[in-house]
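Using only what follows, build the 3D model:
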Amino acid sequence: MTVIGPKLAAARAVGALARRAGRGGGTSLPGKVLMRLEPGAISELAARLPRGTVIVSATNGKTTTAAMIASVLAQAGVSLVHNRAGANMAGGVASTLLAAARAGGRIDGELGLFEVDEFWLPPLTEQLAPRALLLGNLFRDQLDRYGELETIADRWATVLAGAAREARLVLNADDPLIADLGREHAGVTYFGIEDDAMAMPEMQHASDSKHCRRCGAAYVYEAIYLGHLGRYRCPSCGHVRPVPSVVAERIRLHGTNSATFTLRSPAGSAALELPLPGLYNVYNALGAAALCLALEIPLGQIVAGLEAVTAAFGRAETIRVDGCELSILLVKNPAGANEILRTLTLEESELDVLAILNDRTADGHDISWVWDADYEILAGRVRRVTCAGTRAAELALRLKYAGVPKDRLHVVSSLPAALDAAIADAASARVFVLPTYTALLELRDELAARDSAPPFWRAGI
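Predicted structure coming up:
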């Protein structure tokens, strides 16, 4: 079915009206309108991309991983259609394709690069028909919306057996649920970490996939790197972690600024300086490198692209406000929170923190996950924590039980007021901001209103 011009024009007009009204509708609303007018719009527009599409999905890191892939492909001279603003459901994907559609049926771009929400992976994979599919991890997140991890894994297994059967798979060998999805597929590219210096002494309370998907027995770990990610084997059925072909070795983490490691791959090895912090970003970089290798991008261009990447919206992004640097680190589930906290402990001085906890639909209404995050490791490192958001008081209570002294905790529910207080009372010129997802959007709106940052949505549709 052909998407005719008037339907594209009508959807664009809705986006323009929404932006003029200050509602930022450019990320999803035009696509929703287009899909209502033309249900086959995504398939129709994606089929016009001369180099096809690739999909990135994960619980944590998909926006940053996609940004890394985009940086690499820019080095390789590949023009992209990419949902950069992070609108990763059907409406956002349709809006992105709509923005690239030109008169005469042409698409302004060679390759579609789409990060896709975990729940939306099955229908969008069917519509986008990707040539490559990167699956990064599965962590407990928004259980009231997604359900248990095994449920998502089963849905994804159905996708790989059907719509994505012909796609080149790029899977995280260190995540047992993800790695097991590749067992029926030939030619899978696995990535993982091989560095015992990065291993934790014991499994964190927030770890999720501890049991074999095949037989249900508890895994035995040789090394645990992040949550349940590591080197594992099942003592019952013999299932073991696949041997990754794209590997990070000799890793060094440099506080909240950067990480360095050796990237080993079938195309060779290279030292890499990643301008983003934390072991979680090493995993993101590995996934990006593995996907680009599957697309036959030369190793030199992969290294150059990863070293040139800039922080995605709210993911280790730094914004200057009133003479203060805000380092913004999205926190949305226990595993992700623990990695942010682990990274913050690498800082030498006491920390000024603005922590914002919301419980809106996109965050998950159940905020009990904060009790599974290991805030205890931060308790002795903070000078002041300003708690904001719809559940500011509950977050302050969690931090009190974690050992943060009461006189260092300040509850200011209003985000604008909390931002002012955190900046005014900071001992240094740096505040670490830890927002949940909707809080991140509110923060960006507030910074845009203060002319300190552009709005998160992109015009042009």
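
Check which residues of the helix or strand hosting T260 are buried.
When secondary structure is defined using DSSP states H and E, the element that contains T260 is strand 258-265. Of the residues in strand 258-265, 258-259, 261, 263-265 count as buried by neighbour count, 16 or more other Cβ atoms under 10 Å. Using the backbone N, CA and C atoms, a C-beta is placed for each residue, glycine as well.

count of neighbours near the nearest residue to A74 once chain neighbours are set aside?
Distances taken as Cβ to Cβ, 6 or more residues apart in numbering put G305 closest to A74, at 6.6 Å, once the chain neighbours are dropped. One way to gauge burial is a neighbour count; for G305, by other Cβ atoms under 10 Å, it gives 23.

Could you work out the end-to-end span of stretch 375-394 for me?
13 Å (Cα to Cα, to the nearest Å).

Can you give me the buried ones in it?
Within stretch 375-394, the residues scored as buried using 16+ other Cβ under 10 Å are 375, 378-379, 381-382, 384-392, 394.

which of the residues you listed sit farthest apart?
Among the buried residues of stretch 375-394, the pair separated by the greatest distance (Cβ to Cβ) is R381 and T390, at 26.0 Å.

related to what we said a few turns ago, ok, the residue nearest to A74 - contacts?
68, 71-76, 292 (Cβ atoms under 8 Å, 6 or more residues apart in numbering).

Check the residues you listed and tell me the two furthest apart.
By the measure Cβ to Cβ, the contacts of G305 have their two most distant members at M68 and A76, which lie 13.0 Å apart.

More neighbours: which of those two?
Under the criterion of other Cβ under 10 Å, the comparison of M68 against A76 puts M68 first, with 30 against 16.

so the residue nearest to A74, which of the three states?
Secondary structure for G305, judged by DSSP: H, G, I helix; E, B strand; the rest coil, is helix.

for R214, same thing?
With three-state DSSP as the basis, the three-state label of R214 is coil.

who does the strand holding T260 pair up with?
Looking at strand 258-265 with DSSP bridges, its paired strands and their directions are strand 246-254 (antiparallel), strand 268-274 (antiparallel).

Spell out, range by range, the strands that occur in the stretch 1-150 of the chain.
Ranges of strands in the stretch 1-150 of the chain, per DSSP state E, counting those that start in this stretch, are 53-57, 80-82, 111-115, 132-135.

May I see those organised as CSV, with mean pLDDT and mean neighbour count added?
Formatted as CSV, the entries for those read as follows, by pLDDT from 0 to 100; neighbours: other Cβ atoms under 10 Å:
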stretch, mean pLDDT, mean neighbour count
strand 53-57, 98, 27
strand 80-82, 98, 22
strand 111-115, 98, 25
strand 132-135, 98, 26
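
So for R241, which of those strands sits nearest?
Between R241 and those, the shortest gap by Cβ to Cβ is with strand 132-135, which sits at 15.2 Å.

and that closest one, how far from the chain's centre?
Distance of strand 132-135 from its chain centroid, counting by Cα atoms, centre = their mean, to the nearest Å, is 14 Å.

where exactly do the helices run in the stretch 101-250 of the chain?
Counting by DSSP state H, counting those that start in this stretch, the stretch 101-250 of the chain has these helices, from start to end: 121-128, 143-146, 149-161, 176-180.

ugh, wrong one, I meant the stretch 251-400 of the chain
279-294, 299-307, 334-344, 392-402.

Could you say which of those helices is packed most deeply?
Counting by mean count of other Cβ atoms under 10 Å, helix 279-294 has the highest mean neighbour count of the helices of the stretch 251-400 of the chain, with a mean of 28.

what's the spacing between S43 and V93?
For S43, the distance to V93 under the criterion Cβ to Cβ, to the nearest Å works out to 11 Å.

more neighbours, the two?
V93 (31 against 16).

ok, now how distant is the more buried one from T63?
For V93, the distance to T63 (Cβ to Cβ) stands at 14 Å.

next one: R12
For R12, the distance to T63 under the criterion Cβ to Cβ works out to 25 Å.

would you say D445 is within a helix?
Yes. The assignment for D445 (three-state DSSP) places it in a helix.

For the stretch 51-200 of the chain, give me the ranges with low pLDDT.
Per-residue confidence for the stretch 51-200 of the chain (pLDDT under 70) gives these ranges: 142-147.

and if we set it to 80?
Flagging of the stretch 51-200 of the chain using pLDDT under 80 yields the residue ranges 103-105, 141-148.

hmm, back to that, next, format the strands paired with strand 258-265 as TSV and append distance to Y437.
Below are these laid out as TSV (distance: least, Cβ to Cβ, whole Å):
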stretch	distance to Y437
strand 246-254	25
strand 268-274	24
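
quick one, which of those strands is packed in tightest?
Burial among the strands paired with strand 258-265, expressed as mean neighbours by mean count of other Cβ under 10 Å, is greatest for strand 246-254, which shows a mean of 19.

tell me the mean pLDDT over that strand?
For strand 246-254, the mean pLDDT works out to 98.

where's it relative to the chain centroid, distance-wise?
Strand 246-254 sits 19 Å away from the centroid of its parent chain (Cα atoms, centre = their mean).

same check, this time on stretch 385-405
25 Å.

Now do it: distance from first to last residue.
Criterion Cα to Cα; first-to-last residue distance in stretch 385-405 is 10 Å.

dump the residue contacts of the residue most central in space within the chain.
Residue closest to the mean C-alpha point of the chain, counted by Cα atoms, centre = their mean, is G61 at 2.4 Å. By Cβ under 8 Å, 6+ apart, the contact set of G61 is 136-137, 280-281, 283-284, 287.

how much space is there between it and L135?
11 Å.

One more: T361?
Distance from T361 to L135, by Cβ to Cβ: 25 Å.

swap in A217?
Computed with Cβ to Cβ, the distance linking A217 and L135 is 23 Å.

now swap in E376 and tell me
From E376 to L135 the distance is 32 Å (Cβ to Cβ).

now do R381
Counting by Cβ to Cβ, the gap from R381 to L135 is 34 Å.

And the strands in the stretch 351-461 of the chain, which stretches?
Counting by DSSP E, counting those that start in this stretch, the stretch 351-461 of the chain has strands at residues 351-356, 382-388, 409-411, 430-435.

Tell me which of the ones you listed lies nearest to A417.
Shortest separation from A417 across the strands of the stretch 351-461 of the chain is recorded for strand 382-388, at 8.0 Å, computed as Cβ to Cβ.

Distance from that closest one to the middle of the chain?
Strand 382-388 sits 25 Å away from the centroid of its parent chain (Cα atoms, centre = their mean).

and the angle for that strand with helix 334-344?
Here the directions of strand 382-388 and helix 334-344 differ by 140 degrees (axes from the mean of the first three to the mean of the last three Cα atoms, to 10 degrees).

need the contact list for Q301.
Contacts were defined as Cβ under 8 Å, 6+ apart; by that measure Q301 touches 72, 75-76, 292.

nearest to L330, of these?
Each of the contacts of Q301 was scored against L330 by Cβ to Cβ, and V72 proved nearest at 22.2 Å.

Spit out the contact partners of that closest one.
By Cβ under 8 Å, 6+ apart, the contact list for V72 reads 288-289, 292, 297, 301-302, 304-306.
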